[in-house]
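> structure of the sequence below:
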Amino acid sequence: MIFLSHATPEDNEFARWLALQLANEGYAVWCDLTKLLGGEDFWKDIQEAIRTRSVRFLFVLSRSSNAKDGTLQELACAKAVASSLKAEIRDFIVALKIDDLPYAEVDIEIQRLNHVSFLASWAAGLSKLLEKLEEDGVPKDPRFGTEAVCTWWKSQPTLSASQGLLQQPDLQMSNWYEVQRFPETLYLHDISRKKPGKIDFDVSGLSYPAAKITDLSFLSFAAADVLADELDGSIYITSSRAVPVSQIIDRSLPGIWTGLLNQMLRQGWERMMETEGFSVQRVAMRPTRFYFTKNKIPNDRLHFVGIDGKRSYRDIVGYATRMGTRRYWHYAVSAKPELSPFPHFVVRGHVVFSDAGDILWDNAEKSAKARRNQCKGWWNDEWRDRMLAITTHISDELGNIQIPMSPDQSIVLNGRPASFESPVTYQGVAEMDELLDDYYDDDEDEDRFEEIQADGSQQSQTDLPS
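Have a look, this model is predicted:
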């Protein structure tokens, strides 16, 4: 078997996680925390088990295990076994580094051995460890696997989902802002030149959101008479056709129409946010972020009604002093339109930085480091409340967010995010919520806009409505 040595209780969480991950992959693993996972007997004589039953010795290397007599005794025993099996087994001992223990302080018994690092993330370390076990030809055991792990979990009274599940509803607030009302009609405008020549038409200069379909057509919520005076003097609208928005939402039209509508929704959001006085940070291949500069709003804070129905406030701009130098942080939001499972905008929070409260840093690595430092104490309620503060600020007196799409037509969002009710909850939900990482900051998220870039595409007229 694979023997897993670790400091108790300091490294229990990691050791239990790793033992179950290895067992799930089919490796016969013994850890004092899981014991009978694969049906093996409890090893009463640990040192004898290391000598006679272990095919690999995994040592969880940490500040605790590096100083405890028990783990160091197990390590010394493993070193003796490794020496006797040198001709048969390469790397009998594998060290797993899980904290910031300096290499200079590592026990001499293990200092020269190769290490698998779990510092960047446990998942990355596990991947490297599994690669090594496979390369070394470490055998698997049919008693171990997904079923054995599942059975073990169910046997744990304090860890089993069935033990901690409560049959009572649990209301969860999302970061989805539902579209309450769309304009009923989009217009497909065909254009032509007044004189012969190539048409090079850019819809970004129009006053209202528009999306190019071909070099000779574009979409807009604005009618032809509204746009006539905004067109380049060399071109004009030859004809217009009405397109029911409902046909795009219910996917009656080809997929390109979904992308075109999302493109216009994004434009409408961005123009609305700039009109509301937000500054802009554009990030390549990601939704545009909007933030307030220092002193743009009174006291750099916004008031809102919290989830408890009481009026509250949150700072949207602040500062911290590091080594005598002041840096400013700014809470920012981005939004991504989505039509499924119902039309809504996904609003996400970010934190960006500046030296003087205005011009943002352009160094991504520096910003990421500052964000980790600044936000390590921000729990879910702080991210949630700042999002509510921003969306309250851009809502009208009825609590709706109005996104103008033409002179007389707007998309209307509910100014409060959608909530979802789970039919069950679990014990300790409040305590667990405080342990969750910030949900709204997606700077590590690879999620990007799935929009179709209509500009330059030559869409077949057969895909357009007749």
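> residues touching Glu421, list them.
With contact taken as C-beta atoms under 8 Å, 6 or more residues apart in numbering, Glu421 is in contact with Pro169, Asp170, Leu171, Gln172. To be clear about C-beta, it is placed using only N, CA and C from the backbone, and glycine gets the same treatment.
> try 6 Å this time
Taking C-beta atoms under 6 Å, 6 or more residues apart in numbering, we find Glu421 in contact with Pro169, Leu171.
> please settle this for me: is it part of a strand?
Yes - with DSSP: H, G, I helix; E, B strand; the rest coil as the criterion, Glu421 is part of a strand.
> relative to Leu206, how far out is it?
Computed with C-beta to C-beta, to the nearest Å, the distance linking Glu421 and Leu206 is 42 Å.
> where along the stretch 51-200 of the chain do the helices fall?
Taking DSSP state H, counting those that start in this stretch, the helices of the stretch 51-200 of the chain run over residues 69-84, 122-135, 146-154, 161-164.
> select, out of those, the one closest to Ser234.
Ser234 lies closest, by C-beta to C-beta, to one member of the helices of the stretch 51-200 of the chain: helix 122-135, at 57.1 Å.
> who are the packing partners of that closest one?
Contacts defined by 3 or more C-beta pairs under 6 Å, 6 or more residues apart in numbering; DSSP states H and E place helix 122-135 against strand 115-117.
> so what are the sheet partners of the strand it packs on and their directions?
Paired neighbours of strand 115-117 in the sheet (DSSP bridges): strand 93-97 (parallel).
> make CSV from the helices of the stretch 51-200 of the chain and add mean neighbour count to it.
Below are the helices of the stretch 51-200 of the chain laid out as CSV (neighbours: other C-beta atoms under 10 Å):
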stretch, mean neighbour count
helix 69-84, 16
helix 122-135, 15
helix 146-154, 15
helix 161-164, 12
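> nearest to Tyr426, of these?
helix 161-164 (4.8 Å).
> re earlier: compare the helices of the stretch 51-200 of the chain and give me the one nearest Gly324.
Nearest of the helices of the stretch 51-200 of the chain to Gly324, taken as C-beta to C-beta: helix 122-135 at 35.9 Å.
> mind saving the C-alpha coords of that closest one as CSV?
The C-alpha trace of helix 122-135 is given here as CSV (Å, rounded to 0.1, in the frame of the first residue of the first chain):
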residue,chain,number,x,y,z
TRP,A,122,-3.8,21.1,-4.0
ALA,A,123,-5.3,20.2,-7.3
ALA,A,124,-2.0,21.0,-9.1
GLY,A,125,0.0,19.1,-6.6
LEU,A,126,-2.3,16.1,-6.9
SER,A,127,-1.9,16.1,-10.7
LYS,A,128,1.9,16.0,-10.4
LEU,A,129,1.7,13.2,-7.8
LEU,A,130,-0.6,11.1,-9.9
GLU,A,131,1.8,11.5,-12.9
LYS,A,132,4.7,10.3,-10.8
LEU,A,133,2.8,7.3,-9.4
GLU,A,134,1.8,6.3,-12.9
GLU,A,135,5.4,6.8,-14.2
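> mean confidence for it?
Throughout helix 122-135, pLDDT has a mean value of 95.
> relative to strand 93-97, how tilted is that helix?
170 degrees (axes from the mean of the first three to the mean of the last three C-alpha atoms, to 10 degrees).
> quick one: contacts of the helix or strand containing Ala368?
Applying DSSP states H and E as the criterion places Ala368 in helix 364-375. With contacts defined as C-beta under 6 Å, 6+ apart, helix 364-375 is touched by Trp329, Val351, Phe353, Trp361.
> could I get the residues you listed in JSON lines, plus columns for distance to Leu129, pLDDT and secondary structure?
Output for the contacts of helix 364-375, formatted as JSON lines (distance: C-beta to C-beta, whole Å; pLDDT from 0 to 100; DSSP: H, G, I helix; E, B strand; the rest coil):
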{"residue": "Trp329", "distance to Leu129": "38", "pLDDT": "97", "secondary structure": "strand"}
{"residue": "Val351", "distance to Leu129": "34", "pLDDT": "96", "secondary structure": "strand"}
{"residue": "Phe353", "distance to Leu129": "36", "pLDDT": "97", "secondary structure": "strand"}
{"residue": "Trp361", "distance to Leu129": "37", "pLDDT": "95", "secondary structure": "coil"}
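> sorry, back to before: what mean pLDDT does the helix holding Ala368 get?
The average of the pLDDT scores along helix 364-375 is 91.
> please point out which parts of the helix or strand just after that helix sit buried.
The C-terminal neighbour of helix 364-375 among helices and strands, as given by DSSP H and E, is helix 380-393. Residues of helix 380-393 classed as buried by neighbour count (16 or more other C-beta atoms under 10 Å): 380, 382-393.
> mean confidence score for helix 380-393?
Helix 380-393 carries an average pLDDT of 95.
> gap between that helix and the chain center?
17 Å (C-alpha atoms, centre = their mean, to the nearest Å).
> for whatever helix or strand comes next after that helix, packing partners?
Remark: after helix 380-393, the chain's next helix or strand is strand 400-406, criterion DSSP H and E. Applying 3+ C-beta pairs under 6 Å, 6+ apart, one finds that strand 400-406 contacts helix 255-275, strand 409-414.
> okay if I get those as a markdown table plus mean pLDDT, mean neighbour count and distance to Asn299?
As requested, those are exported to a markdown table (pLDDT from 0 to 100; neighbours: other C-beta atoms under 10 Å; distance: least, C-beta to C-beta, whole Å):
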| stretch | mean pLDDT | mean neighbour count | distance to Asn299 |
| --- | --- | --- | --- |
| helix 255-275 | 95 | 20 | 21 |
| strand 409-414 | 96 | 21 | 27 |
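> Lys35 is nearest to which of these?
Of all these, strand 409-414 sits nearest to Lys35, with 52.1 Å by C-beta to C-beta.
> centre of the chain to that closest one, how far?
Computed by C-alpha atoms, centre = their mean, the chain-centroid distance of strand 409-414 equals 27 Å.
> neighbours around Trp379, how many?
Neighbour count for Trp379, taken as other C-beta atoms under 10 Å: 14.
> no wait, Gly309
The local packing of Gly309 (other C-beta under 10 Å) involves 6 other residues.
> same thing with Leu206?
Applying other C-beta under 10 Å, we find 16 other residues in the vicinity of Leu206.
> and the helix holding Ala368, what's buried?
Ser367, Ala370, Arg371, Gln374, Cys375.
> so which of the helices and strands packed on strand 400-406 is nearest Leu302?
helix 255-275 (14.2 Å).
> quick one: work out the angle between the closest one and strand 409-414.
Counting by the same axes, to 10 degrees, helix 255-275 lies at 80 degrees to strand 409-414.
> quick one, what contacts Ile235?
Counting by C-beta under 6 Å, 6+ apart, Ile235 has contacts Ile191, Arg193.
> and it, how far from Pro196?
When Ile235 is compared with Pro196 (using C-beta to C-beta), they lie 12 Å apart.
> now Thr151
Per C-beta to C-beta, Thr151 is found 78 Å from Pro196.
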